[in-house]
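1. Predicted coordinates and the sequence they were generated for:
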Amino acid sequence: MPGDIYCCINQISAIDVVDAHDAYYLQQALLNGAVAVIAEVDMEMPELPDHIPVIYADDVEELASRLAAVFYDKPGAGMNLVAVSGTSGKTTVSWLIRGVLEQAGQLTGMVGSIEHALAEHLVTPEGDLWEPDDIDPAEGRECSSPFALVPYKGRYSVEETTPNGLRLQRSLASMRDRGATAAVVECDASSIAGGSTDWLEPSIAVFTNCGDDPGDLEVFGDKQEYMDGMLELIRSLKDADRQRAVINADDESYKAAEAACGSIPFLTYGINTDADVRAESVELTLWQTTIIVKTPVGRLEIISNLVGRHNVYNILAAVAVGVLLNVPLADIGAGVESVQVVPGRCEVVNNVLDLPLDGEEGEEEAQQQQPKLPHDFPVVVDAADTPQRLATVLETLREAGAERVFTVFGCDGQTTAGEVRARLGEVAHQRSDFVIVTNSSPRLEDPADIVQDVVAGWPNEMFEPYAAYVYNVFQDQTRCPLWFEPFLHSAQRRWKRHIMEDRFQAIRAAIGTAAPGDVVLIAGRGHKDYIEHWDGDDGLVKGWFDDRVEARNALSKLEYLYALVNLDRSSLPWGH
């Protein structure tokens, strides 16, 4: 806009980096009225008009964050702002905290990996209310199509967990100006280390845990540097009268997190230690979780649709935040229980229907349109895309009572290293009874190459019997001649380790093969409702694909499979 300063902040995507110092973007900024430029020190700049000053900074993002905080009058300091960091659990903890705040009567904003929102309104990264910019071709469809992409248009998505500091300050200011009294911000490690959260000034900072995230470890170098980077959020707390921290007493990083708090008061939470907020009893099932929670102000019982021990920790973190904000225990419990689902986070898709709340307009019509899904076994969609996170979810499902676990997963192209893919394959093999390796979002890579990286994590004993075969038995059947298919199916059936590159078919194969007492886990994508493939040239084509939609559709068709009483569905391909 006229009078603005143009800050040269590079935009990073899955496949490239947009250099904000490029002459094209600088020219566009000047045409839109920019009166000055902030650039990185030592960057070679194109020639600019003499009347345009250039301010050089060691860290453009940090300086832009500071300027934005001043320009927007420190929006975080004017509301109950809760910042959540850690390797895992950030998204679920943020959603639970929002539930508690809303139950307490606060108009609450959210900035996170699933959505930026103010109450029920979606918000763009710039802080404006979101409206579709195109007609959605997927609207009204029950599911996608096999071997085809539905164009991804007119849909809401978030590209990054934590926006850069400039956008973050603007978004929070927009929420404040629309009446928000509270906000929750997910803070990923790279954004904290990059300075995006330096001027956030939260009322409460939550640190969930420090685990092994291959992407973050690659950026930070080692786990100590990674942990120190995340703990900068807590170290940024300076006002002992206004600011507080919440930390996980059971995590191996507890001592470091405690030291980071310094003079800032904090509450601890945990299961195995005598934490301030502690789960005195935990009952886990595949459909719900029941907890008796001890807090400094009393006890409460929480019955949640969020399943698994890791979600017990997430619930405890939210309870601790509620206690620090002096929310009555009854409202804390009701707020947590109101979060019946966190999209794509250990989401049991046939447990809760996406219906309006009681009394809301359209409830009866929605119930008539929504098919009643069978409850023979739970189907779980989760975003687990690292070895540690996948192991946690699989262990959770086993602990909650799964007799057999069917795991459907794949690895993204270009953003997941070959070593990580092999470790994911190893984790799925070791902790699952039945595995289907499929596409995730291959982007510019050949899906077959990604699959082979994954199966490299399987034990040699699986491959030795087929060493003399002409073709690899652990590949998609479309990759080999028709005459070889019986050999391929025989090997995959023997080990219950299957390759189906088409995710549409893989999900339906797992759900159609599972039986009562089993659990089907569809991992890696979570809430993401798109998939990206090579467009045949040098770019990407993006199509609509939502694991939750596909799973519900497959479940709704089970009655037709059940009617085929003579069809043997105990192994793949069915009928063999």
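-> Received, thanks. Residues are numbered from 1 along each chain as shown.
2. Hmm, Gln477 is touching Phe487, no?
-> No: with contacts counted by CB atoms under 8 Å, Gln477 stays clear of Phe487, the gap being 10.5 Å. Every C-beta, even on glycine, is put in place using the N, C-alpha and C of the backbone.
3. Walking through the stretch 301-450 of the chain, point out its helices one by one.
-> Assigned by DSSP state H, counting those that start in this stretch, the helices in the stretch 301-450 of the chain fall at 309-324, 329-338, 363-369, 387-399, 418-431, 447-455.
4. er, the stretch 151-300 of the chain actually
-> Using DSSP H, counting those that start in this stretch, the helices assigned to the stretch 151-300 of the chain run over residues 165-177, 189-193, 214-220, 223-235, 254-261.
5. Next up, phi/psi of the residue nearest to the spatial centre of the chain, please.
-> The chain has Ala383 as the residue nearest its centroid, 5.3 Å off, counting by CA atoms, centre = their mean. With angles defined as degrees, to the nearest 10, Ala383 sits at phi -80, psi 0.
6. if I pick it, what's in contact with it?
-> Thr91, Gly344, Arg345, Arg389, Ala523, Gly524, Arg525, Gly526, His527, Lys528 (CB atoms under 8 Å, 6 or more residues apart in numbering).
7. which residues pair with Gly270 across the strands?
-> Here Gly270 shows beta-bridge partners Arg278, assigned using DSSP bridges.
8. now it: how far from Val184?
-> Computed as CB to CB, to the nearest Å, the Gly270 to Val184 distance reads 21 Å.
9. what about those two, which has more around it?
-> Val184 (30 against 21; other CB atoms under 10 Å).
10. contacting residues for Ala523?
-> The contact partners of Ala523, by CB under 8 Å, 6+ apart, come to Val381, Asp382, Ala383, Ala384, Asp385, Leu390, Val393, Thr407, Val408, Phe409.
11. repeat for His121
-> Neighbours of His121 in contact, by CB under 8 Å, 6+ apart: Leu129, Trp130.
12. Kindly report the same for the one 4 residues further on.
-> If you count contacts by CB under 8 Å, 6+ apart, Pro125 has them with His116, Val158, Glu159, Glu160, Pro163, Arg167, Ser171.
13. mind running it again at 7 Å?
-> His116, Pro163, Arg167, Ser171 (CB atoms under 7 Å, 6 or more residues apart in numbering).
14. I'd like to know which of the residues you listed is nearest to His21.
-> Using CB to CB, Arg167 is the member of the contacts of Pro125 that sits closest to His21, with 18.6 Å.
15. roughly how far apart are the closest one and Ile114?
-> On the measure of CB to CB, Arg167 and Ile114 end up 17 Å apart.
16. just Asp222 next, same as before
-> 30 Å.
17. ditto for Val435
-> Applying CB to CB to Val435 and Ile114 gives a distance of 27 Å.
18. now Asp4
-> For Asp4, the distance to Ile114 - CB to CB - is 30 Å.
19. Share the number of residues neighbouring the closest residue to Met1 other than its chain neighbours, please.
-> Residue nearest to Met1 in three dimensions, not counting chain neighbours: Gly33, with 5.7 Å by CB to CB, 6 or more residues apart in numbering. Here the number of neighbours of Gly33 (other CB under 10 Å) works out to 11.
20. Equivalent analysis for Gly215, please.
-> Gly215: 16 surrounding residues under other CB under 10 Å.
21. sorry, back to before: where's the residue nearest to Met1, which helix or strand?
-> For Gly33, there is no helix or strand it lies in under DSSP states H and E.
22. Numbering from 13 from now on, please.
-> Got it, first residue is 13 now, which makes that one Gly45.
23. just checking, it touches Tyr18?
-> No: applying CB atoms under 7 Å as the test, Gly45 and Tyr18 come out as separate, 9.6 Å apart.
24. what's the pLDDT at the closest residue to Asp31 other than its chain neighbours?
-> When the adjacent residues along the chain are set aside, Asp31 lies closest to Asn22, with 5.8 Å between them (CB to CB, 6+ apart). pLDDT for Asn22: 81.
25. gap between Gly102 and Thr220?
-> I think there's a mix-up here, since residue 102 is Lys and not Gly. For Lys102 relative to Thr220 (CB to CB), the value is 6 Å.
26. shared neighbours of these two, which are they?
-> Common neighbours of Lys102 and Thr220 (CB under 7 Å, 6+ apart) are Val96.
27. tell me the contacts of Pro65?
-> Taking CB under 7 Å, 6+ apart, one finds Ala48 in contact with Pro65.
28. The contacts of Ala535 in strands, which ones?
-> Secondary structure from DSSP state E places Val393, Asp394, Thr419, Val420, Phe421 of the contacts of Ala535 in strands.
29. ok, how many other residues are close to the third one?
-> For Thr419, the tally of surrounding residues (other CB under 10 Å) stands at 27.
30. I'd like to know how far the nearest residue to it once chain neighbours are set aside sits from Ile462.
-> Of all residues not flanking Thr419 in the chain, Ser444 sits nearest, at 4.0 Å (CB to CB, 6+ apart). From Ser444 across to Ile462, the span is 18 Å (CB to CB).
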